[in-house]
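Undergrad: quick one, what's the 3D model for this:
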Amino acid sequence: MKILVTGSEGLIGVPVVKKLKEAGHVVQGYDKKTDPLQNIHNEESLMDATKNKDVVVHLAGIPHPQGPATPFPAYVRTNIDGTRNVLKASIEMDVKRFIYSSSSAIYGYVFKEGEFTLDRMPPDWHWFYLLSKIGAELVITEGSKQSKIEVAILRVYPVNDEWLFHSGVDVVAKKVLSVAEAPEVRGVLIEDVKI
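TA: Residues are numbered from 1 along each chain as shown. The predicted structure is shown next:
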């Protein structure tokens, strides 16, 4: 298959590209770190990149809560509007399948005594990230209703431990490969990816 991976130079993007290539797929990376024109807000570049692709794996975005210095509009522009742009190009270029890396943060989370716990968190800057991921999922769900594109949303859980992080990223890469190679995705597939 011909696969485009946005955010291909990120912490999850690099192992995802590697795993897809090892499986014999033709993979094109798309990341503004390697080329400023490869930006999820550059519609012309996105249209060109999604042309003749079977699958788009969308990993680009603000990857986790960045702290109070990152304003909410930055999350909206990148995680919601950027996702809309990638999905729109994918639909217009007749991509068969769109895989999005979301986050378990949409369930709410807090850190208690150094442990990761799913729970409600106080309304603060963490909410910016959470709301942007929910917004992106809504954009994808609604966008997919107006086209024939198959959609998978993978809600990835975070890892605190460095060793677990590296093995966890491999879990995410394997899940992306498995969804990319699935014979069919019906409706909107939403899966938790626990590491």
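Undergrad: what's the neighbour count on residue 54?
TA: Residue 54 is flanked by 15 other residues according to other C-beta atoms under 10 Å. (Glycine included, C-beta is placed from N, CA and C.)
Undergrad: again with residue 191
TA: Neighbours around residue 191, by other C-beta under 10 Å: 14.
Undergrad: for it, what are its contacts?
TA: By C-beta atoms under 8 Å, 6 or more residues apart in numbering, the residues touching residue 191 are 152, 153, 154, 155, 175, 179.
Undergrad: ok, now residue 98?
TA: Taking C-beta under 8 Å, 6+ apart, one finds 55, 56, 58, 86, 87, 90, 140, 144, 149, 150, 151, 152 in contact with residue 98.
Undergrad: still on that earlier bit, quick check, nearest of the contacts of residue 191 to residue 71?
TA: Nearest to residue 71 among those: residue 155, at 24.5 Å, using C-beta to C-beta.
Undergrad: check which helix or strand covers that closest one.
TA: strand 150-156 (DSSP states H and E).
Undergrad: ok, of the contacts of residue 191, which one's closest to residue 136?
TA: So of these, ranked by how close each gets to residue 136 (C-beta to C-beta), first place is residue 153, at 8.7 Å.
Undergrad: so that closest one touches residue 140, yeah?
TA: Yes. Contact status for residue 153 versus residue 140: in contact at 6.4 Å, counting by C-beta atoms under 8 Å.
Undergrad: give me the common contacts of the two.
TA: Contacts common to residue 153 and residue 140, judged by C-beta under 8 Å, 6+ apart, are 100, 188.
Undergrad: where do the strands sit along this protein?
TA: Counting by DSSP state E, the chain has these strands, from start to end: 2-6, 26-30, 55-58, 97-103, 109-112, 115-118, 150-156, 188-193.
Undergrad: would you mind finding the most buried of those?
TA: strand 55-58 (a mean of 27; mean count of other C-beta atoms under 10 Å).
Undergrad: can you tell me which helices and strands the strand holding residue 155 packs against?
TA: strand 97-103, helix 126-145, helix 162-181, strand 188-193 (3 or more C-beta pairs under 8 Å, 6 or more residues apart in numbering; DSSP states H and E).
Undergrad: looking at the ones you listed, which is buried most?
TA: Ranked by mean neighbour count, the helices and strands packed on strand 150-156 are led by strand 97-103 with a mean of 25 (mean count of other C-beta under 10 Å).
Undergrad: I'd like the distance from that strand to the chain centre, please.
TA: Offset of strand 97-103 from its chain centre (C-alpha atoms, centre = their mean, to the nearest Å): 4 Å.
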